[in-house]
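S.K.: A predicted structure for the sequence below; I have some questions about it.
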Amino acid sequence: MTAEHSPRTIFVTGATGFLGRHVVNQAALRGHKVIALVRPSSSARVLAPAEASGNLTLVRGDLSSRKGLAEGMAGADGLIHLAAVKGGDYFSRFAGTVIGTENILECAREAGVANLVAISTFSVYDYGERKAKSSFDESFPVIQDPAGRDEYAETKLYQDELYQRFGSEDGQTMVMLRPGMIYGQDELWHPLLGGEFGPINLRVGFRAKPPITYVENTAEAVVLAAEVLLDPASTSLVDGEVINIVDDDLPTQADYADKVKALIETPSSIPIPLPVMQAAARVGAAINRGLFDGRAKLPSIALPNQVDARFKPFVYSNEKAKRLLSWTPRFGLEQALQRSVNPPALVGGS
Amino acid sequence: MARPLRTAVVGAGAISLEHLPFLSTSPRCELASIVDLSPVSAEIAARKFGAKSHYVDVDEMLDKERPDVVHVLTPPQTHGFLVSKALNAGAHVICEKPLSPTAEEAEKLLAEAAAAGRHLIENHNYRFNDEVLALRSVIDEGRIGPVREVDIRMALPVRDPGGRFADTNVPNSIHQMPAGVLHDFITHLSYLMIDLAGVSHFERVMAAMSNHGAGDLFSFDDLDAILISKADVPGPETDETPVHGRIRFSCRTSPDLFSLTVRGADGQASTDIFHPFLDVVVDRSGGQQLTPIVNHLVNGVGLARSGARNFGRKLLQHTPYHGLTRFLDQTYAALGADREPPVTAADVLAAARLVDAIVASSALQDSGRSAHTHQESGR
């Protein structure tokens, strides 16, 4: 429990997810009452620490239906919306991410829950816009044409629009966090290192320092954002703001990969320098335009804007998160990797 | 060309993504509006596909936009009242399959359309796929002689965890239909059977719908049906020879397939909508000795060509749903010129009646089986 902010009641969606479980457990251990939305068929075992703190209430529901959501949210001071769909075809993503967000925000309005901590993503930034190695903070341009990149970015952009609308309505507040690539237990080998190209795995680039953040660090930033937003004394500090979340001392792709390889089995992959991949993607795109009128569907790793989004090097800043949220990434890379492979037991107390 | 028809789409769900690319680009229509109960779904679909308006209330849309054609793309249980509203507003209706849970309701809706002087057209998209049309040509050219048997098989992993039908949190509404999840594709299987067999009615239907995977979520996950067009065989081979049909659905074989085989008096032809090719086995010049060899060579070359063509299709996203574009194009051409559309009221009704007959036969088998079990246990 921090001295500055008094305990609040916070409704959390995506509560048993990769990030959500840490958000719920940390918030509960910091003394907040947490109402966690969990799907009817999901186990809430990962929320054992929150449960043991006595601060957890479970609400069973699913964002694809508004049934029971407004009732479950009643009395909450704020909403942390983490649920999103990361896989499947366009419509599965649209339904899970955009319609799910529409449903939860509509129920928040109905229940009088006026304060929103919204989770966006680095994927909405337009990486083609600026030169490699330029500095990258919240002023970085966002994609203008949502349909122009991939389905994940497209649906997250629509979701951002819904967040912005919610925050701009009378009497409502919103802070939007944009975490970089979140890593942690079972999620160590990430798409910013490389990806599948048909049957083979490619490693693209070595010296870029991708925007990564360890899941427990990210979760702490989310909880801090809720505390700052829900404290009337500091609401105006973050209301309407977009805040990027990346860790300190970002490792290069090669450094990170070497450290992960020492800990877990990783997919064998073919290394490709970034300029080679960029050139290949441009040639592919030109052939697609010239021969197929741009209609051919190429693997995502072979699309120029995807290559930029995943591998182009920039210098990422977390200055705003530190300044507005008083956040310091608690776990450095070594410690984060250790906790990822040997996670602390799921029992009460920290 | 006739003036573009003003079109509205009701339901901006997954299937709308198959209809909207045609509606937003065809010169035969003008996309006037998109309606969905989810405001953001209607708004974003309208933005993506250039619809001039979007609504959450279908009555308001019909009243303000006065569309010439309405696409009803909502879950099947809601088709009836939405189709009625659109017909009442003076629009032709293109409805996703199944038009209705029962043939009785389909008949009622088709009667409403006839009374209103409008067309009510169910989406029979697979009839317009390249490979189905190729099969149709083989039959129409008489290459395999009069059709005697049609075999239609579909395999889809409908029970896969994570799939849209297996979700126990918010069960898919299709499970409440008379054939459960089978109702999501049984219309396709039925209209293809009717089209390829060339008969509109099967007098004998012996069907078993089963729930091999058990549990409460699925009512059925498997279908096996035998169809015979005539009740009695009237003697020597004439045009009256009955046609046999077999419809099979399984979620326990892989990979996904949608295979069609037509056997005629003089040969047989096969294709698969998910793995397109055309295989024709007929008497070839060269006599009895060389016929198998010639068939193998000709079909082998065809198969190799299909491989190359399917790679191109994959690259250009020419999906198994490509027949929808041809279906819509021909339908709009007919509506614009005041001609009979390619899927007629009789086609829609025949398919709905076959589905009904399959469901009824299966229910009969079940009651017979439970009576039998009862007798056994009573002994």
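M.R.: The structure has been received and is ready for your questions. Numbers count the residues shown, from 1 in each chain, chains lettered A, B, ... in the order given.
S.K.: Only C-alpha atoms from now on, for both contacts and neighbour counts.
M.R.: Will do.
S.K.: got the contact list for the helix or strand harbouring A:Leu157?
M.R.: Assigned by DSSP states H and E, A:Leu157 belongs to helix A:151-168. Residues from elsewhere that reach helix A:151-168, judged by Cα atoms under 8 Å, 6 or more residues apart in numbering or on different chains: A:86, A:89-90, A:93-94, A:97-98, A:101-102, A:105, A:115-116, A:118, A:120-121, A:123-124, A:146-148, A:172-176, A:239-240.
S.K.: Any buried residues in it, and which?
M.R.: For helix A:151-168, burial by neighbour count (16 or more other Cα atoms under 10 Å in any protein chain shown) applies to A:151-160, A:162-164, A:166-167.
S.K.: Which residue is the nearest non-sequential neighbour of the one residue in the stretch 201-350 of chain B that gets nearest to chain A?
M.R.: Going by Cα to the nearest Cα, chain A is nearest to B:Leu316 of the stretch 201-350 of chain B, at 4.4 Å. Nearest non-adjacent residue to B:Leu316, counting by Cα to Cα, 6 or more residues apart in numbering or on different chains: A:Ala296, 4.4 Å away.
S.K.: what number of residues lie near the one you found?
M.R.: Look at A:Ala296: counted by other Cα atoms under 10 Å in any protein chain shown, it has 20 neighbours.
S.K.: Hmm, it is touching B:Gln317, no?
M.R.: Yes - counting by Cα atoms under 8 Å, B:Gln317 is a contact partner of A:Ala296 at 6.9 Å.
S.K.: Can you report the mean pLDDT over the residues of stretch A:48-68?
M.R.: Stretch A:48-68 carries an average pLDDT of 95.
S.K.: what do you get for stretch A:287-303?
M.R.: The average pLDDT for stretch A:287-303 rounds to 81.
S.K.: And that stretch, end to end?
M.R.: 12 Å (Cα to Cα, to the nearest Å).
S.K.: Can you point out the buried residues in that stretch?
M.R.: A:Asn288, A:Ala296, A:Leu298, A:Ser300, A:Ile301, A:Ala302, A:Leu303.
S.K.: Check the gap between the nearest residue to the last one once chain neighbours are set aside and A:Lys131 for me.
M.R.: Computed as Cα to Cα, 6+ apart, the closest residue to A:Leu303 that is not its neighbour in sequence is A:Ala281, at 5.4 Å. From A:Ala281 across to A:Lys131, the span is 18 Å (Cα to Cα).
S.K.: wait, isn't B:Gly50 in contact with B:Phe22?
M.R.: No - judged on Cα under 8 Å, B:Gly50 makes no contact with B:Phe22 at a distance of 11.7 Å.
S.K.: for the chain, what spans make up the helices?
M.R.: Went with chain A since none was named. For chain A, the helices defined by DSSP state H occupy A:20-29, A:48-53, A:69-73, A:90-93, A:100-111, A:151-168, A:215-230, A:235-238, A:253-261, A:274-292, A:304-311, A:319-325, A:333-341.
S.K.: um, chain B though
M.R.: B:16-25, B:39-49, B:58-65, B:79-88, B:103-116, B:130-140, B:186-197, B:287-315, B:323-336, B:345-378.
S.K.: Turn the ones you listed into a markdown table, including mean neighbour count and distance to A:Ala262.
M.R.: Formatted as a markdown table, the helices of chain B follow (neighbours: other Cα atoms under 10 Å in any protein chain shown; distance: least, Cα to Cα, whole Å):
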| stretch | mean neighbour count | distance to A:Ala262 |
| --- | --- | --- |
| helix B:16-25 | 18 | 45 |
| helix B:39-49 | 19 | 46 |
| helix B:58-65 | 16 | 60 |
| helix B:79-88 | 20 | 58 |
| helix B:103-116 | 18 | 64 |
| helix B:130-140 | 18 | 52 |
| helix B:186-197 | 22 | 53 |
| helix B:287-315 | 14 | 38 |
| helix B:323-336 | 20 | 52 |
| helix B:345-378 | 17 | 59 |
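S.K.: Pick out the residue in the stretch 251-350 of chain A sitting closest to chain B.
M.R.: Counting by Cα to the nearest Cα, the stretch 251-350 of chain A gets nearest to chain B through A:Ala296 (4.4 Å).
S.K.: B:Phe311 versus that residue, what's the distance?
M.R.: Taking Cα to Cα, one finds A:Ala296 at 11 Å from B:Phe311.
S.K.: Repeat that for B:Ser53.
M.R.: From B:Ser53 over to B:Phe311 (counting by Cα to Cα), the distance is 38 Å.
S.K.: One more: A:Ala345?
M.R.: Noted for A:Ala345: a distance of 49 Å to B:Phe311, by Cα to Cα.
S.K.: Kindly report the same for A:Thr218.
M.R.: Distance from A:Thr218 to B:Phe311, by Cα to Cα: 43 Å.
S.K.: A:Leu19 too?
M.R.: Counting by Cα to Cα, the gap from A:Leu19 to B:Phe311 is 39 Å.
S.K.: what residue ranges in chain A score low on pLDDT?
M.R.: Scanning chain A for pLDDT under 70 picks out the ranges A:1-4, A:346-350.
S.K.: Likewise for chain B?
M.R.: For chain B, the ranges with pLDDT under 70 are B:1, B:233-239, B:369-379.
S.K.: Quick one: residues contacting the closest residue to A:Ala74 other than its chain neighbours.
M.R.: Once flanking residues are discounted, A:Ala74 sits nearest to A:Ala111: 5.4 Å by Cα to Cα, 6+ apart. Applying Cα under 8 Å, 6+ apart, we find A:Ala111 in contact with A:Ala70, A:Glu71, A:Met73, A:Ala74, A:Gly75.
S.K.: So which of those residues is surrounded by the most neighbours?
M.R.: A:Met73 (26 neighbours).
S.K.: Nearest spatial neighbour of B:Ala2, chain-adjacent residues omitted?
M.R.: Of all residues not flanking B:Ala2 in the chain, B:Gly336 sits nearest, at 5.6 Å (Cα to Cα, 6+ apart).
S.K.: Surely the one you found touches B:Pro27?
M.R.: No - counting by Cα under 8 Å, B:Gly336 does not reach B:Pro27; the two are 11.2 Å apart.
S.K.: Residues that sit against both of those two, list them.
M.R.: B:Pro4.
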